[in-house]
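Colleague: From the sequence below, what's the structure:
(4 chains)
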Protein chains: 2
Amino acid sequence: MGRWQPGAQGRLQQAAMELITERGYDRVTVAEIAERAGLTERTFFRHFADKREALFAGQDQFGESILAGLAAAPPDVSPLEAAVRGVEAAGTWLDDERRPGARARQAVIDAHPELQERELIKLARVSAAMAAALRDRGVDEGEAVLAADAGMAVFRLAFTRWVADDGEHDLPWHVRSALEVLRAVVG
Amino acid sequence: MGRWQPGAQGRLQQAAMELITERGYDRVTVAEIAERAGLTERTFFRHFADKREALFAGQDQFGESILAGLAAAPPDVSPLEAAVRGVEAAGTWLDDERRPGARARQAVIDAHPELQERELIKLARVSAAMAAALRDRGVDEGEAVLAADAGMAVFRLAFTRWVADDGEHDLPWHVRSALEVLRAVVG
DNA sequence: ACGGTCGATGTCAGCCGCTGACATCGGCGG
DNA sequence: CCGCCGATGTCAGCGGCTGACATCGACCGT
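Modeller: Numbering: from 1, shown residues only, chains lettered A, B, ... in the order given. Take a look at the predicted model:
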């Protein structure tokens, strides 16, 4: 056995989630999170760039699965369809097993503006990456940006409904459903 | 003449903008901003909730002009058209005279992630307010959200192009232009 | 004119997020 | 067995932000 318990980062994430759900984000200090994880405040900041980030680790995989899904779309589909294939792929990553965790996490985020800010910029960066990928496929700049933003808007509505949903439909289903709503609104 | 020079808030905003463009956001302290404005750090925080907010005061008017524009749209236009009328109205508020200021401000924001976060949540709140206004008009929940988000996406693209534009077109023109792009992408 | 209230500001102490610099110490390769 | 490496601890310190209390000119009513 090593000098340290393994899984420091995971323990920090879990401790953060627990304490924040118990007391609320701003009534928990980083030192307390670290203490519950058996570490020091300084070590917390070696694993996460700031306090908020402890709740957003793993989001990278989410963004990558979207980009992979977009890249896997045939070259002849429309830009919007390609973007939707991306968020649909993320929908298979967020399967039913992850729904309770996603729900709890979203409740925490919805209750704290500073966490909403962080989530928004993460989504905006994914959207920008989608737009860049579409441009690389030869899509015009403006169309790429709007297709990516529209795809992300579809995802957000789908995700909201999936989180509120009691297991009747999976996330890809909600994505397709939201896409139909978008078509009705714009078309 | 009063005990204090008038326009404290405006002086703080100007001082913040100057110092940040000179040195960059994170190399300026609130105490320095306050000092240049002839005030103390504590007073800064009586005018602004936090350091970032000094660069976002006046945004309320922007959001209100959007909502006013939306409310002024005839009841028989489509939800998306109503949302676009809103952002178009904001486009008349951001006239040619304000373009240099908007450009400088946007350059500062683009250079600092924490400011981007703040901008994103402000736009998200305006979008949520637009969606609520559309719901009040009798629009279905999902359609309202997507129409508002789509309208905001159109605005963001239009604003980006307007800022980069050398005065050839005004913002409402860019809004209509971006809307056509959206229709091409989704339709 | 006077006294009292009000409101914007100043002052001060203090918490917390976050960082740089340096020390510690077990694991592991040579 | 030695020495390097890497995760962690320790410590000092800055800057954002807040609560509590003091200050003092303006304004209002008498």
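
Colleague: A:P75 - how many residues pack around it?
Modeller: Other residues lying near A:P75 total 7 when counted by other CB atoms under 10 Å in any protein chain shown. From N, CA and C alone the C-beta is placed, and that goes for glycine too.

Colleague: which regions of chain A lie under the pLDDT threshold?
Modeller: A:1-2 (pLDDT under 70).

Colleague: Tell me where it has strands.
Modeller: Assigned by DSSP state E, chain A shows no strands.

Colleague: Geometric centre of it: which residue is closest?
Modeller: The residue lying closest to the centre of chain A (CA atoms, centre = their mean) is A:Q59, at 5.0 Å.

Colleague: do you know how far that residue is from DNA strand D?
Modeller: In this view, A:Q59 and DNA strand D are 20 Å apart by CB to the nearest atom of the strand, to the nearest Å.

Colleague: show me the contacts for that residue.
Modeller: By CB atoms under 8 Å, 6 or more residues apart in numbering or on different chains, the residues touching A:Q59 are A:K122.

Colleague: Ok, A:G63 next?
Modeller: By CB under 8 Å, 6+ apart, the neighbours of A:G63 are A:122, A:125-126, A:129.

Colleague: With A:R103 instead?
Modeller: A:V163.

Colleague: Get me the contact residues on chain A for chain B.
Modeller: A:78-80, A:113, A:116-118, A:120-121, A:124, A:142-143, A:145-147, A:149-150, A:153-154, A:156-157, A:161, A:178, A:181-187 (CB under 8 Å from any CB of the partner chain).

Colleague: Let's see the PyMOL selection covering just the buried ones among these.
Modeller: What follows is the PyMOL syntax for the buried subset of the residues of chain A next to chain B, where burial is set by 16 or more other CB atoms under 10 Å in any protein chain shown:
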select buried, chain A and resi 78+79+80+116+117+118+120+121+124+142+143+145+146+147+149+150+153+154+156+157+161+178+181+182+184+185+186
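
Colleague: Which of the residues of chain A next to chain B fall in helices?
Modeller: Judged by DSSP state H, the residues of chain A next to chain B include A:79-80, A:113, A:116-118, A:120-121, A:124, A:142-143, A:145-147, A:149-150, A:153-154, A:156-157, A:161, A:178, A:181-186 as members of helices.

Colleague: Show me what from chain A comes close to DNA strand C.
Modeller: A:1-3, A:28-31, A:41-42, A:45, A:49-52 (CB under 7 Å from any atom of the strand).

Colleague: Those residues into a markdown table, with extra columns for neighbour count?
Modeller: As requested, the residues of chain A next to DNA strand C are exported to a markdown table (neighbours: other CB atoms under 10 Å in any protein chain shown):
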| residue | neighbour count |
| --- | --- |
| A:M1 | 5 |
| A:G2 | 5 |
| A:R3 | 4 |
| A:V28 | 19 |
| A:T29 | 12 |
| A:V30 | 18 |
| A:A31 | 12 |
| A:E41 | 13 |
| A:R42 | 10 |
| A:F45 | 14 |
| A:A49 | 10 |
| A:D50 | 12 |
| A:K51 | 20 |
| A:R52 | 18 |
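
Colleague: Please convert those residues to CSV, extending it with distance to A:V84.
Modeller: Supplementary listing: the residues of chain A next to DNA strand C in CSV, determined by distance: CB to CB, whole Å:
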residue, distance to A:V84
A:M1, 48
A:G2, 46
A:R3, 49
A:V28, 38
A:T29, 42
A:V30, 39
A:A31, 44
A:E41, 43
A:R42, 44
A:F45, 38
A:A49, 31
A:D50, 32
A:K51, 34
A:R52, 29
